[in-house]
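A.B. asks: below is the sequence, then the predicted model.
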Amino acid sequence: MVKNVVFSSREDHEIIKRVINKLKTVSDVNLYCHDPTKNFFNLSRMPKSIKEADLIIVKVRNDCSIDLLHYAKINKIPTFHSVDAVLTCKNKIALDYALRRVFKNNPQIRKNFVLPSSWNNNVTDVQKFKKWATPKLPIVLKSHFQHDKYNRFNFLVRKIDEVDTFCERYKHLLYYDIYIQKFIECDGLERKIYVIGDKTFGIIRKNPIYIYLKNKPDNIDVDTIERKEFKITKEIHNLAQTLSKEMNLKIFGFDLVQPINSNKHYFIDLNDFPGFRGIKGIERILADFIINYINDLMDNEKG
(Lines give C-alpha, C1' and ligand atoms only; values in the text may rest on other atoms or scores of the structure.)
Protein backbone atom coordinates (compact mmCIF):
# COMPACT_ATOMS: atom_id res chain seq x y z
CA MET A 1 0.00 0.00 0.00
CA VAL A 2 1.44 3.36 -1.06
CA LYS A 3 1.39 6.14 1.54
CA ASN A 4 0.95 9.77 0.54
CA VAL A 5 3.32 11.87 2.64
CA VAL A 6 3.55 15.66 2.70
CA PHE A 7 6.88 17.09 3.90
CA SER A 8 6.64 20.81 4.63
CA SER A 9 10.02 22.52 4.98
CA ARG A 10 12.26 25.10 3.37
CA GLU A 11 13.60 23.59 0.16
CA ASP A 12 17.07 25.07 0.75
CA HIS A 13 17.69 23.37 4.12
CA GLU A 14 20.76 21.25 3.36
CA ILE A 15 20.05 18.34 5.72
CA ILE A 16 16.30 18.13 5.08
CA LYS A 17 16.97 18.26 1.36
CA ARG A 18 19.11 15.12 1.64
CA VAL A 19 16.51 13.43 3.86
CA ILE A 20 13.82 14.14 1.26
CA ASN A 21 16.02 12.70 -1.50
CA LYS A 22 16.32 9.48 0.51
CA LEU A 23 12.56 9.34 1.08
CA LYS A 24 11.96 9.73 -2.66
CA THR A 25 13.72 6.40 -3.25
CA VAL A 26 11.19 4.47 -1.12
CA SER A 27 8.80 2.65 -3.46
CA ASP A 28 5.74 2.65 -1.20
CA VAL A 29 5.99 6.37 -0.30
CA ASN A 30 4.44 8.99 -2.57
CA LEU A 31 6.20 12.17 -1.38
CA TYR A 32 4.91 15.70 -1.91
CA CYS A 33 7.29 18.50 -0.91
CA HIS A 34 5.81 21.76 0.32
CA ASP A 35 7.88 24.89 0.96
CA PRO A 36 5.88 27.04 3.42
CA THR A 37 7.83 30.15 2.37
CA LYS A 38 6.77 29.81 -1.28
CA ASN A 39 3.74 27.54 -1.65
CA PHE A 40 0.52 29.01 -0.25
CA PHE A 41 -3.06 27.76 -0.29
CA ASN A 42 -6.39 28.44 -1.90
CA LEU A 43 -8.35 27.93 1.32
CA SER A 44 -11.54 26.88 -0.47
CA ARG A 45 -9.77 24.29 -2.62
CA MET A 46 -6.74 22.68 -1.03
CA PRO A 47 -4.33 20.75 -3.28
CA LYS A 48 -5.23 17.10 -3.80
CA SER A 49 -1.81 16.04 -2.49
CA ILE A 50 -2.62 17.60 0.90
CA LYS A 51 -6.28 16.58 1.05
CA GLU A 52 -5.36 12.95 0.39
CA ALA A 53 -2.26 12.87 2.62
CA ASP A 54 -1.78 9.89 4.94
CA LEU A 55 0.86 11.76 6.94
CA ILE A 56 2.00 15.38 7.14
CA ILE A 57 5.51 16.20 8.43
CA VAL A 58 6.17 19.85 9.22
CA LYS A 59 9.46 21.53 9.97
CA VAL A 60 7.95 24.74 11.27
CA ARG A 61 9.27 28.07 10.03
CA ASN A 62 6.24 30.31 9.57
CA ASP A 63 2.49 30.67 9.95
CA CYS A 64 1.85 28.77 6.72
CA SER A 65 3.22 25.61 8.34
CA ILE A 66 1.01 26.16 11.39
CA ASP A 67 -1.98 26.65 9.06
CA LEU A 68 -1.17 23.30 7.47
CA LEU A 69 -1.14 21.60 10.88
CA HIS A 70 -4.48 23.20 11.76
CA TYR A 71 -5.92 21.91 8.46
CA ALA A 72 -4.62 18.43 9.28
CA LYS A 73 -6.18 18.50 12.74
CA ILE A 74 -9.57 19.65 11.46
CA ASN A 75 -9.57 17.00 8.73
CA LYS A 76 -8.11 14.24 10.94
CA ILE A 77 -4.95 13.80 8.86
CA PRO A 78 -2.11 12.25 10.91
CA THR A 79 0.86 14.53 11.57
CA PHE A 80 4.35 13.86 12.88
CA HIS A 81 3.85 16.45 15.62
CA SER A 82 0.44 17.77 16.60
CA VAL A 83 -0.43 21.42 16.10
CA ASP A 84 -0.81 21.73 19.88
CA ALA A 85 2.71 20.43 20.54
CA VAL A 86 4.22 22.66 17.86
CA LEU A 87 2.40 25.78 19.04
CA THR A 88 3.63 25.14 22.57
CA CYS A 89 7.23 24.86 21.35
CA LYS A 90 6.92 27.93 19.15
CA ASN A 91 5.81 30.17 22.02
CA LYS A 92 8.65 30.53 24.53
CA ILE A 93 6.37 31.45 27.42
CA ALA A 94 3.95 28.58 26.78
CA LEU A 95 6.99 26.31 26.43
CA ASP A 96 8.37 27.53 29.76
CA TYR A 97 5.08 26.69 31.49
CA ALA A 98 5.09 23.22 29.92
CA LEU A 99 8.72 22.52 30.86
CA ARG A 100 8.19 23.57 34.45
CA ARG A 101 5.31 21.13 34.68
CA VAL A 102 7.51 18.35 33.25
CA PHE A 103 10.21 19.09 35.82
CA LYS A 104 7.65 19.24 38.63
CA ASN A 105 6.07 15.92 37.67
CA ASN A 106 9.41 14.12 37.20
CA PRO A 107 11.54 14.80 40.27
CA GLN A 108 14.22 12.33 39.09
CA ILE A 109 15.38 14.76 36.37
CA ARG A 110 15.78 17.58 38.89
CA LYS A 111 18.74 15.75 40.42
CA ASN A 112 20.88 16.70 37.41
CA PHE A 113 19.03 19.44 35.54
CA VAL A 114 17.43 22.75 36.45
CA LEU A 115 15.45 25.46 34.68
CA PRO A 116 16.70 29.04 35.05
CA SER A 117 14.50 31.71 36.60
CA SER A 118 12.36 33.33 33.91
CA TRP A 119 9.73 36.02 33.38
CA ASN A 120 7.55 37.61 30.74
CA ASN A 121 7.34 41.38 30.56
CA ASN A 122 6.96 44.34 28.24
CA VAL A 123 9.43 47.13 27.45
CA THR A 124 6.88 49.70 26.26
CA ASP A 125 7.52 51.76 29.42
CA VAL A 126 11.32 51.65 29.45
CA GLN A 127 11.85 53.30 32.84
CA LYS A 128 9.34 50.99 34.50
CA PHE A 129 11.05 47.99 32.90
CA LYS A 130 14.48 49.16 34.07
CA LYS A 131 13.24 49.47 37.63
CA TRP A 132 11.81 45.96 37.47
CA ALA A 133 14.90 44.44 35.81
CA THR A 134 17.68 46.03 37.87
CA PRO A 135 17.62 43.56 40.81
CA LYS A 136 17.44 40.61 38.40
CA LEU A 137 20.58 41.34 36.33
CA PRO A 138 22.20 39.77 34.40
CA ILE A 139 19.30 38.67 32.20
CA VAL A 140 18.78 37.56 28.60
CA LEU A 141 15.91 39.09 26.61
CA LYS A 142 14.46 36.64 24.09
CA SER A 143 11.79 36.94 21.42
CA HIS A 144 8.39 35.56 22.37
CA PHE A 145 8.09 33.44 19.22
CA GLN A 146 11.26 31.55 18.41
CA HIS A 147 10.47 30.47 14.84
CA ASP A 148 10.18 33.99 13.40
CA LYS A 149 13.75 34.46 12.17
CA TYR A 150 13.08 38.07 11.13
CA ASN A 151 11.94 39.07 14.60
CA ARG A 152 14.14 36.81 16.70
CA PHE A 153 16.67 37.99 19.25
CA ASN A 154 18.78 36.91 22.23
CA PHE A 155 20.06 40.00 23.99
CA LEU A 156 22.23 39.97 27.12
CA VAL A 157 21.70 42.75 29.66
CA ARG A 158 24.45 43.02 32.29
CA LYS A 159 24.16 46.75 33.03
CA ILE A 160 20.75 48.35 33.14
CA ASP A 161 21.66 51.02 30.56
CA GLU A 162 22.04 48.22 28.00
CA VAL A 163 18.23 48.12 27.94
CA ASP A 164 18.43 51.39 25.99
CA THR A 165 20.64 49.69 23.38
CA PHE A 166 18.10 46.87 23.12
CA CYS A 167 15.24 49.34 22.68
CA GLU A 168 17.08 51.18 19.91
CA ARG A 169 18.04 48.00 18.06
CA TYR A 170 14.61 46.36 18.34
CA LYS A 171 12.34 49.40 18.54
CA HIS A 172 9.96 47.89 15.97
CA LEU A 173 9.27 45.01 18.40
CA LEU A 174 8.75 46.86 21.67
CA TYR A 175 4.97 46.46 21.62
CA TYR A 176 5.44 42.66 21.93
CA ASP A 177 5.74 40.92 25.28
CA ILE A 178 9.20 39.43 25.64
CA TYR A 179 10.55 36.31 27.31
CA ILE A 180 13.33 36.82 29.85
CA GLN A 181 15.74 34.30 31.36
CA LYS A 182 18.24 34.71 34.14
CA PHE A 183 21.70 34.65 32.55
CA ILE A 184 23.68 31.64 33.77
CA GLU A 185 27.43 32.11 34.14
CA CYS A 186 28.80 28.96 32.51
CA ASP A 187 31.92 27.38 31.03
CA GLY A 188 31.35 29.23 27.74
CA LEU A 189 30.06 26.15 25.92
CA GLU A 190 26.61 25.12 24.73
CA ARG A 191 25.54 21.49 24.59
CA LYS A 192 22.92 20.87 21.92
CA ILE A 193 21.01 17.63 22.38
CA TYR A 194 19.19 16.10 19.42
CA VAL A 195 16.54 13.41 19.81
CA ILE A 196 15.18 11.08 17.11
CA GLY A 197 12.85 8.50 18.61
CA ASP A 198 14.81 6.54 21.21
CA LYS A 199 18.19 7.81 19.96
CA THR A 200 19.95 10.79 21.54
CA PHE A 201 22.88 12.72 20.06
CA GLY A 202 25.05 15.50 21.43
CA ILE A 203 26.86 18.44 19.88
CA ILE A 204 29.04 20.89 21.81
CA ARG A 205 29.96 24.36 20.55
CA LYS A 206 30.98 27.76 21.85
CA ASN A 207 28.08 29.65 23.39
CA PRO A 208 27.10 32.54 21.05
CA ILE A 209 26.70 34.93 23.98
CA TYR A 210 30.26 34.23 25.12
CA ILE A 211 31.51 34.72 21.55
CA TYR A 212 29.88 38.13 21.61
CA LEU A 213 31.33 39.00 25.02
CA LYS A 214 34.83 38.12 23.83
CA ASN A 215 34.92 39.48 20.27
CA LYS A 216 31.96 41.92 20.02
CA PRO A 217 31.08 40.97 16.40
CA ASP A 218 28.30 42.90 14.64
CA ASN A 219 26.59 39.63 13.78
CA ILE A 220 26.97 35.97 14.76
CA ASP A 221 25.92 33.30 12.28
CA VAL A 222 25.34 30.42 14.69
CA ASP A 223 25.35 27.90 11.83
CA THR A 224 29.04 28.61 11.21
CA ILE A 225 30.18 27.96 14.81
CA GLU A 226 32.38 24.85 14.95
CA ARG A 227 30.59 21.84 16.44
CA LYS A 228 31.92 18.61 17.90
CA GLU A 229 30.00 15.53 18.93
CA PHE A 230 30.13 14.49 22.57
CA LYS A 231 29.08 11.34 24.39
CA ILE A 232 25.56 11.39 25.79
CA THR A 233 25.30 10.43 29.45
CA LYS A 234 22.58 8.18 30.81
CA GLU A 235 21.11 11.18 32.65
CA ILE A 236 20.81 13.25 29.45
CA HIS A 237 19.27 10.32 27.56
CA ASN A 238 16.71 9.77 30.33
CA LEU A 239 15.87 13.48 30.28
CA ALA A 240 15.39 13.29 26.50
CA GLN A 241 13.01 10.34 26.75
CA THR A 242 11.04 12.00 29.55
CA LEU A 243 10.63 15.15 27.45
CA SER A 244 9.62 13.08 24.40
CA LYS A 245 6.82 11.41 26.35
CA GLU A 246 5.62 14.45 28.28
CA MET A 247 5.81 16.94 25.38
CA ASN A 248 4.50 14.48 22.75
CA LEU A 249 7.53 14.96 20.51
CA LYS A 250 9.21 12.34 18.32
CA ILE A 251 11.97 14.55 16.93
CA PHE A 252 13.32 17.55 18.84
CA GLY A 253 16.36 19.24 20.31
CA PHE A 254 17.25 21.08 23.48
CA ASP A 255 20.16 23.11 24.86
CA LEU A 256 22.10 22.66 28.08
CA VAL A 257 24.78 24.81 29.71
CA GLN A 258 27.17 23.85 32.50
CA PRO A 259 27.23 26.54 35.19
CA ILE A 260 30.39 27.45 37.04
CA ASN A 261 30.87 25.61 40.34
CA SER A 262 27.92 23.24 39.86
CA ASN A 263 27.46 19.69 38.61
CA LYS A 264 23.91 20.35 37.42
CA HIS A 265 23.14 21.49 33.89
CA TYR A 266 20.76 24.34 33.17
CA PHE A 267 18.07 23.61 30.58
CA ILE A 268 17.95 26.68 28.30
CA ASP A 269 15.78 25.98 25.26
CA LEU A 270 13.82 23.38 23.25
CA ASN A 271 13.05 23.15 19.53
CA ASP A 272 10.41 20.80 18.09
CA PHE A 273 12.35 20.18 14.84
CA PRO A 274 15.98 21.39 14.97
CA GLY A 275 18.50 21.56 12.15
CA PHE A 276 20.60 18.56 13.35
CA ARG A 277 23.82 20.08 12.00
CA GLY A 278 27.02 18.40 13.08
CA ILE A 279 25.74 14.84 13.60
CA LYS A 280 27.55 12.33 11.40
CA GLY A 281 25.17 10.41 9.13
CA ILE A 282 22.12 12.30 10.43
CA GLU A 283 20.36 12.24 7.05
CA ARG A 284 20.28 8.44 7.03
CA ILE A 285 19.24 8.25 10.70
CA LEU A 286 16.41 10.74 10.24
CA ALA A 287 15.22 9.22 6.96
CA ASP A 288 15.24 5.70 8.46
CA PHE A 289 13.21 6.88 11.44
CA ILE A 290 10.60 8.51 9.19
CA ILE A 291 10.41 5.41 6.97
CA ASN A 292 9.94 3.16 10.01
CA TYR A 293 7.27 5.51 11.32
CA ILE A 294 5.41 5.31 8.00
CA ASN A 295 5.70 1.51 8.01
CA ASP A 296 4.26 1.42 11.54
CA LEU A 297 1.31 3.48 10.33
CA MET A 298 0.70 0.98 7.56
CA ASP A 299 0.97 -2.00 9.93
CA ASN A 300 -1.47 -0.40 12.37
CA GLU A 301 -4.01 0.11 9.58
CA LYS A 302 -3.67 -3.52 8.53
CA GLY A 303 -4.11 -4.64 12.14
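C.D. replies: Arrived safely, thanks for sending.

A.B. asks: where does this structure have its least confident helix or strand?
C.D. replies: Using mean pLDDT, DSSP states H and E, helix 208-215 stands out as the lowest-scoring helix or strand of the chain, at a mean of 76.

A.B. asks: what about that one, distance to the chain center?
C.D. replies: Centroid displacement of helix 208-215 relative to its chain, using C-alpha atoms, centre = their mean, to the nearest Å, is 22 Å.

A.B. asks: got the buried residues for it?
C.D. replies: Buried positions in helix 208-215, judged by neighbour count with 16 or more other C-beta atoms under 10 Å: 208, 209, 210, 211, 212. Every C-beta, even on glycine, is put in place using the N, C-alpha and C of the backbone.

A.B. asks: show me where this protein has helices.
C.D. replies: Counting by DSSP state H, one finds helices in the chain at the ranges 14-23, 48-51, 63-74, 83-90, 92-105, 126-133, 162-169, 208-215, 234-247, 282-302.

A.B. asks: rank the ones you listed by pLDDT, which is bottom?
C.D. replies: Note on these: lowest mean pLDDT is at helix 208-215, with a mean of 76.

A.B. asks: contacts for it, please.
C.D. replies: Helix 208-215 has contacts (C-beta atoms under 8 Å, 6 or more residues apart in numbering) with 140, 154, 156, 183, 186, 188, 190, 217, 220, 222, 225.

A.B. asks: out of these, which is nearest to residue 24?
C.D. replies: Minimum distance to residue 24 across the contacts of helix 208-215 is 29.6 Å, recorded for residue 222 (C-beta to C-beta).

A.B. asks: neighbours around the closest one, how many?
C.D. replies: The number of residues packed near residue 222 is 14, by other C-beta atoms under 10 Å.

A.B. asks: ok, it - contacts?
C.D. replies: Residue 222 makes contact with residue 208, according to C-beta under 8 Å, 6+ apart.

A.B. asks: kindly report the same for residue 272.
C.D. replies: 60, 81, 85, 86, 89, 90, 249, 251, 252.

A.B. asks: quote the end-to-end distance of stretch 45-55.
C.D. replies: 19 Å (C-alpha to C-alpha, to the nearest Å).

A.B. asks: what sits closest to the most centrally placed residue in the chain if chain neighbours are left out?
C.D. replies: Among the residues of the chain, the one closest to the centroid is residue 271, at 1.4 Å (C-alpha atoms, centre = their mean). With C-beta to C-beta, 6 or more residues apart in numbering as the criterion, residue 271 has its nearest non-adjacent residue at 4.8 Å, and that residue is residue 253.

A.B. asks: need the contact list for that neighbour.
C.D. replies: With contacts defined as C-beta under 8 Å, 6+ apart, the neighbours of residue 253 are 192, 193, 194, 195, 270, 271, 274, 276.

A.B. asks: quick check: of those residues, which lies closest to residue 65?
C.D. replies: residue 271 (13.8 Å).

A.B. asks: gap between the residue nearest to residue 271 and residue 194?
C.D. replies: According to C-beta to C-beta, to the nearest Å, residue 253 and residue 194 sit 5 Å apart.

A.B. asks: what do these two both touch?
C.D. replies: Counting by C-beta under 8 Å, 6+ apart, the common neighbours of residue 253 and residue 194 are 274, 276.

A.B. asks: neighbours around residue 78, how many?
C.D. replies: 14.

A.B. asks: would you mind naming the residues that bridge with the nearest residue to residue 23 once chain neighbours are set aside?
C.D. replies: Computed as C-beta to C-beta, 6+ apart, the closest residue to residue 23 that is not its neighbour in sequence is residue 31, at 5.3 Å. Beta-bridge partners of residue 31, counted by DSSP bridges, are residue 5.

A.B. asks: and for residue 31, the neighbour number?
C.D. replies: When neighbours are counted by other C-beta under 10 Å, residue 31 comes out with 17.

A.B. asks: contacting residues around it?
C.D. replies: 5, 7, 20, 23, 24.

A.B. asks: residue 298 too?
C.D. replies: 1, 3, 28.

A.B. asks: low pLDDT regions in the stretch 101-250 of the chain?
C.D. replies: Low-confidence segments of the stretch 101-250 of the chain (pLDDT under 70): 147-150, 215-218.

A.B. asks: which stretches of it form strands?
C.D. replies: Ranges of strands within the stretch 101-250 of the chain are 113-114, 118-122, 139-142, 154-157, 177-182, 189-196, 199-206, 227-229, based on DSSP state E, counting those that start in this stretch.

A.B. asks: gap between the residue nearest to residue 47 when sequence neighbours are not counted and residue 59?
C.D. replies: Nearest non-adjacent residue to residue 47, counting by C-beta to C-beta, 6+ apart: residue 41, 7.5 Å away. Note on residue 41: its distance to residue 59, by C-beta to C-beta, is 17 Å.
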